[in-house]
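Q: Got a sequence here, can you model it:
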Amino acid sequence: MTAYASAHDETIFCVDELVEALGNDERAVRRVVRIVRDCISLGIEPLNMAGEAVQQARFMEARRIVHQLRDSVTELGAKRFVAACLGLELALAEGKVLQIPLLFSAAESELRVLIEHAGAWLDQHEGRAAAR
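A: Below you'll find the model as predicted:
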């Protein structure tokens, strides 16, 4: 179990497997710090862009943006966010207009929680402080 998340929280953010895959040493942690920083650097802006596309009825563009965002954070162990994005992507692809606002809210909430947990992990590993 990690020092930054309980077992339940590991569905939000958990980079233990990534650190292990990269060598499970200080160098691996430094690489993961960079990866995490890059993944969360845009905050919720990609979802804002997808929301604008939805408002203009460009559902496939919104789906592409959400897919790219989901793909970029998958390696962070963000299972809850990934699941929220998959539901949103499906609704966008199928044009389920009535479901999209609720699914967008769920994805945004999960992204905010993911960013918070990733930020806490970066703080513990001096990643965010070193970047300032």
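
Q: Mind jotting down where the strands sit in this structure?
A: Counting by DSSP state E, the chain has no strands to list.

Q: Would you mark the buried spots in the lengthiest helix in it?
A: Using DSSP state H, we find that the single longest helix of the chain is helix 100-124. For helix 100-124, burial by neighbour count (16 or more other Cβ atoms under 10 Å) applies to 100, 103-104, 106-108, 110-111, 113-115, 117-119, 121-122. (Glycine included, C-beta is placed from N, CA and C.)

Q: And the helices in this structure?
A: Using DSSP H, the helices of the chain run over residues 16-21, 26-40, 45-55, 59-73, 79-94, 100-124, 127-131.

Q: Could you verify my assumption that residue 91 touches residue 104?
A: No. Look at residue 91 against residue 104 with Cβ atoms under 8 Å: they stay out of range, at 9.0 Å.

Q: which neighbours do the two share?
A: Common neighbours of residue 91 and residue 104, counting by Cβ atoms under 8 Å, 6 or more residues apart in numbering, are absent.

Q: one step back: from the buried residues of helix 100-124, which is closest to residue 16?
A: Using Cβ to Cβ, residue 121 comes nearest to residue 16 of those, at 10.3 Å.

Q: before we move on, back to that, can you put the helices of the chain in TSV and add mean pLDDT and distance to residue 10?
A: Below are these laid out as TSV (pLDDT from 0 to 100; distance: least, Cβ to Cβ, whole Å):
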stretch	mean pLDDT	distance to residue 10
helix 16-21	91	8
helix 26-40	92	15
helix 45-55	95	23
helix 59-73	94	14
helix 79-94	95	8
helix 100-124	94	10
helix 127-131	48	19
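
Q: Fine by me, we can end here.
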